[in-house]
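> Everything below, folded, please.
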Amino acid sequence: MRIVRGAKALVKYLDSIQCPLSGPTIQKLVKVREIPFRRPSPRVLIFKHEANS
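Got it, this is the predicted structure:
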């Protein structure tokens with residue numbers, strides 16, 4: 001399992017696995033809760049990626 005902290009880090013991570021998404025797109029997905037994430041505090045987002053094997 002890979003844990004990524006923050007939208008900017010998620011953009012970099014997704015680019016590295018050839019699944020590009022822009023920062024504004026990620027923010028929209030977070031706003032409408034279409035992407036799984038956790039918010040341990042108001043300014044912190046945590047994204048978890050579980051590889052299916």
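
> Show me the contact partners of the top strand by length along the chain.
Determined from DSSP state E, the single longest strand within the chain is strand 44-49. Residues from elsewhere that reach strand 44-49, judged by Cβ atoms under 8 Å, 6 or more residues apart in numbering: 1-7, 10, 13, 30, 35-40. C-beta coordinates here come from the backbone N, C-alpha and C atoms, glycine included.

> Of those residues - the most surrounded one?
Per-residue neighbour counts (other Cβ atoms under 10 Å) across these peak at residue 10, which has 21 neighbours.

> CA atoms only: put the helix or strand containing that one into CSV for me.
According to DSSP states H and E, residue 10 maps onto helix 7-16. Presented in CSV, the C-alpha positions along helix 7-16 are these (Å, rounded to 0.1, in the frame of the first residue of the first chain):
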residue,chain,number,x,y,z
ALA,A,7,-2.8,16.9,-3.8
LYS,A,8,0.6,18.0,-5.2
ALA,A,9,2.3,14.8,-4.1
LEU,A,10,-0.7,12.8,-5.6
VAL,A,11,-0.2,14.6,-9.0
LYS,A,12,3.5,13.6,-9.0
TYR,A,13,2.7,10.0,-7.9
LEU,A,14,0.0,9.5,-10.5
ASP,A,15,2.3,10.9,-13.2
SER,A,16,5.0,8.4,-12.2
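
> which strands and helices sit next to that helix?
Contacts defined by 3 or more Cβ pairs under 8 Å, 6 or more residues apart in numbering; DSSP states H and E place helix 7-16 against strand 2-5, helix 23-31, strand 44-49.

> Of all these, which one comes closest to residue 17?
strand 44-49 (8.4 Å; Cβ to Cβ).

> one step back: ok, the longest strand of the chain: who's next to it in the sheet?
strand 2-5 (antiparallel), strand 38-41 (antiparallel) (DSSP bridges).

> Distance from the chain centre to the first one, please.
Same thing as strand 2-5. Using Cα atoms, centre = their mean, to the nearest Å, the distance from the centre of strand 2-5 to the centre of the chain it belongs to is 8 Å.

> now swap in the last one and tell me
The offset between the C-alpha centroid of strand 38-41 and the centroid of the whole chain comes to 12 Å, using Cα atoms, centre = their mean.

> And for stretch 21-34?
8 Å.
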